[in-house]
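Trainee: what follows is a predicted structure for the sequence shown.
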2 protein chains.
Amino acid sequence: MGRILVVDDEFRIRQIIRKYAEFEGYTVKEAVDGMQAIEICRKEEFDLIIMDVMMPELDGFSACREIRKFRQTPIIMLSARGEEYDKIHGFELGSDDYVVKPFSPKELMMRVNAVIKRSSGGNLPENAKDIFTYKGLSVDFSARIVTIDGERIDMTPKEYELFFYMVKNKGLALTREKLISEVWGYDFFGDERTLDTHIKLLRKSIGEYSKCIVTLRGVGYRFETL
Amino acid sequence: MGRILVVDDEFRIRQIIRKYAEFEGYTVKEAVDGMQAIEICRKEEFDLIIMDVMMPELDGFSACREIRKFRQTPIIMLSARGEEYDKIHGFELGSDDYVVKPFSPKELMMRVNAVIKRSSGGNLPENAKDIFTYKGLSVDFSARIVTIDGERIDMTPKEYELFFYMVKNKGLALTREKLISEVWGYDFFGDERTLDTHIKLLRKSIGEYSKCIVTLRGVGYRFETL
DNA sequence: GTTATTTTTTTAAAAGTTATGAAAACTAAT
DNA sequence: ATTAGTTTTCATAACTTTTAAAAAAATAAC
């Protein structure tokens, strides 16, 4: 287990990735452009694809899109610094991660391991995935699993419901009323401070990421990826 | 689903965009200038508008501004390299993306897909965005975030409410009575100077943009984009 | 130019909100 | 019924915002 497809037009890059990946115990196959990558993917299955954005014949984005039509293989995109940032960012949701060139092989391998662990760890049917990730934090909505740097975070049902709702609505100001009616139900008539207490418990649970839950005085809270 | 309005005075450009967009499965409608675009937008709804900046009759910026008054359709602007860079940059936050001519159709399509995915496909809450921008100032109403040159401005609830109301009613003379009843509530019976104090605090918070809040002696205040 | 009026700035006290810790109530499993 | 874990309540501490009032500055009127 651990098959990786490396797609890059530069031999040197493919070589270096192969070296490190094989050292980590992965089996590596190579493709020199997007077109070739698609053909190979039709015939064989991989646990991960590492693909350069800029390639002759067919660029990484197009290839990625094409492959995704018939495979759910996780994909890590490689791109030159600065260049195409917007595109990658917009695309990011579709790919699983991206690494900026020049990269340190170590860093790349770390990401490779993370992505593979993330995708193979959960033995769910790959299609029903609904996962949010931000840095070392990942929230698997369908599995009800929250991990930080790969480690599971135990959460009580209420913490999970609250966190779930906030992450799903990340970047939005959520009023106390909204949070309470969404998490506790519109007919909750309990104490006003209940929400505060659960925010506190939740913050404690997510450790360093507690700073992602910002207090909006007089309004409520907002979960944000800084 | 996937209706696009292409606004450009050059037939060749419209044709090429149409070709690629239809290939990707979108339905395309065309307009030759800003005026026509506005008329069409009043009658029909689109998922995306691709609009050239330089056009006879009515330029892209003006048309965009006009359309935004009644539609939230995402807009991608096209412009010649270098030219109008400042405008585009300042405008960027208001539009959803911009592409510099000459562009590769592939690149444009990638952006089109990204914008459409972001605004409709992606079930992220990010779509419900409601953001006002003017130069380096941006007010995100749904996230309750105000930034100046990308940096967050901390505001107290009252400052935010007051600013929110003034920006939403930008360009209008707002009487002290109106402001107080809208921000504090019609039943506020506090001190007359409270409003002045909060205007002061607000001005301090928004720094250089404080000059956008003009005092209307004997009347009230007005927020304006100079 | 002086005076009266309005606006702005400055304070400090008052009012209001959120965070926290601990205990009580509740729930599900044994 | 007991227990372990979870949720809720409550009192209080910590903190922030709002208010009010007065002094200073600016503006308009004379």
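Mentor: Looks like it arrived, so ask away.

Trainee: use CA for all of it now, contacts and neighbours both
Mentor: Fine.

Trainee: so, low pLDDT: which residues of chain A?
Mentor: Residues of chain A meeting the criterion pLDDT under 70: A:1, A:69-70, A:80-104, A:106-107, A:114, A:117-130.

Trainee: report the central residue of it.
Mentor: With distances taken as Cα atoms, centre = their mean, the residue of chain A nearest its centroid is A:T133 (4.1 Å).

Trainee: give me the three-state assignment for that one.
Mentor: strand (DSSP: H, G, I helix; E, B strand; the rest coil).

Trainee: got it, and A:E39?
Mentor: Once three-state DSSP is applied, A:E39 turns out helix.

Trainee: who does A:M77 form a beta bridge with?
Mentor: Bridge pairing for A:M77 (DSSP bridges) gives the partners A:M51, A:Y98.

Trainee: from what I see, it and A:M51 are in contact.
Mentor: Yes: judged on Cα atoms under 8 Å, A:M77 makes contact with A:M51 at a distance of 4.9 Å.

Trainee: settle it for me: which of the two has more neighbours?
Mentor: For A:M77 versus A:M51, the count of surrounding residues by other Cα atoms under 10 Å in any protein chain shown is larger for A:M51: 30 against 23.

Trainee: the more buried one touches A:V6, doesn't it?
Mentor: Yes: judged on Cα under 8 Å, A:M51 makes contact with A:V6 at a distance of 6.1 Å.

Trainee: helices along chain A, start to end?
Mentor: A:11-23, A:34-43, A:60-68, A:85-91, A:105-121, A:157-168, A:176-183, A:194-205 (DSSP state H).

Trainee: quick one: which of those helices is nearest B:K158?
Mentor: Nearest to B:K158 among the helices of chain A is helix A:176-183; the distance by Cα to Cα comes to 17.0 Å.

Trainee: distance of the nearest residue to A:L78 once chain neighbours are set aside relative to A:S181?
Mentor: If the residues on either side of it in the chain are set aside, A:L78 comes closest to A:D52, at 4.5 Å by Cα to Cα, 6 or more residues apart in numbering or on different chains. Here the criterion is Cα to Cα, to the nearest Å. By it, A:D52 lies 46 Å from A:S181.

Trainee: ok, the two, which is more surrounded?
Mentor: Ranked by neighbour count (other Cα under 10 Å), A:D52 and A:S181 place A:D52 first, with 27 against 14.

Trainee: any idea how far the more buried one is from B:A63?
Mentor: 38 Å.

Trainee: specify the beta-bridge partners of the residue nearest to the centre of chain A.
Mentor: Beta-bridge partners recorded for A:T133 (DSSP bridges): A:S138.

Trainee: for the residue nearest to A:F132 when sequence neighbours are not counted, list the residues it contacts.
Mentor: Counting by Cα to Cα, 6+ apart, A:F132 lies nearest to A:V139, which is 5.0 Å off, once chain neighbours are set aside. By Cα atoms under 8 Å, 6 or more residues apart in numbering or on different chains, the contact set of A:V139 is A:I131, A:F132, A:T133, A:I145, A:V146, A:T147, A:F164.

Trainee: please convert the helices of chain A to CSV, extending it with distance to B:A21.
Mentor: Shown next, in CSV, are the helices of chain A (distance: least, Cα to Cα, whole Å):
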stretch, distance to B:A21
helix A:11-23, 34
helix A:34-43, 21
helix A:60-68, 15
helix A:85-91, 18
helix A:105-121, 33
helix A:157-168, 31
helix A:176-183, 40
helix A:194-205, 46
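
Trainee: I'd guessed A:E161 sits against A:V183; true?
Mentor: Yes: A:E161 is within contact range of A:V183, at 6.3 Å (criterion: Cα under 8 Å).

Trainee: which parts of chain A sit against DNA strand D?
Mentor: By Cα under 7 Å from any atom of the strand, the residues of chain A that approach DNA strand D are A:155-159, A:184, A:189-194, A:197-198, A:217.

Trainee: filter those down to the buried ones, PyMOL style.
Mentor: Of the residues of chain A next to DNA strand D, the buried ones can be selected in PyMOL as follows, counting by 16 or more other Cα atoms under 10 Å in any protein chain shown:
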select buried, chain A and resi 155+159+184
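
Trainee: which ones among the residues of chain A next to DNA strand D also lie next to chain B?
Mentor: A:R217 (Cα under 8 Å from any Cα of the partner chain).

Trainee: ok, of the residues of chain A next to DNA strand D, which one's closest to chain B?
Mentor: A:R217 (6.6 Å; Cα to the nearest Cα).

Trainee: quick one, phi psi at the residue of chain A most remote from its centre?
Mentor: What lies farthest from the middle of chain A is A:F189; by Cα atoms, centre = their mean that is 37.4 Å. With angles defined as degrees, to the nearest 10, A:F189 sits at phi -130, psi 30.

Trainee: relative to A:L179, how far out is it?
Mentor: 13 Å.

Trainee: got the buried residues for stretch A:57-64?
Mentor: A:L58, A:D59, A:G60, A:F61, A:S62, A:A63, A:C64.

Trainee: burial of A:R222, as a residue count?
Mentor: Neighbour count of A:R222, defined by other Cα under 10 Å: 22.

Trainee: what does stretch A:178-190 contact?
Mentor: With Cα under 8 Å, 6+ apart as the criterion, stretch A:178-190 contacts A:K158, A:E161, A:L162, A:Y165, A:L195.

Trainee: make that stretch A:53-68, sorry
Mentor: Contacts for stretch A:53-68 (Cα under 8 Å, 6+ apart): A:8-9, A:33-35, A:37-38, A:41, A:51-52, A:75, A:77-79, A:95.

Trainee: domains in chain A, by residue range?
Mentor: Per the record's domain assignment (automatic domain parsing), chain A is made up of the domains A:3-123, A:137-223.

Trainee: dump the ones you listed to TSV, plus distance to B:T225.
Mentor: Shown next, in TSV, are these (distance: least, Cα to Cα, whole Å):
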stretch	distance to B:T225
domain A:3-123	28
domain A:137-223	26
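
Trainee: so which of the ones you listed gets nearest B:E45?
Mentor: Here domain A:3-123 is closest among these (Cα to Cα), at 23.8 Å.

Trainee: how about A:D149, what does it touch?
Mentor: A:G136, A:L137.

Trainee: rewinding a little: quick one: which of A:E161 and A:V183 has more around it?
Mentor: A:V183 (20 against 17).
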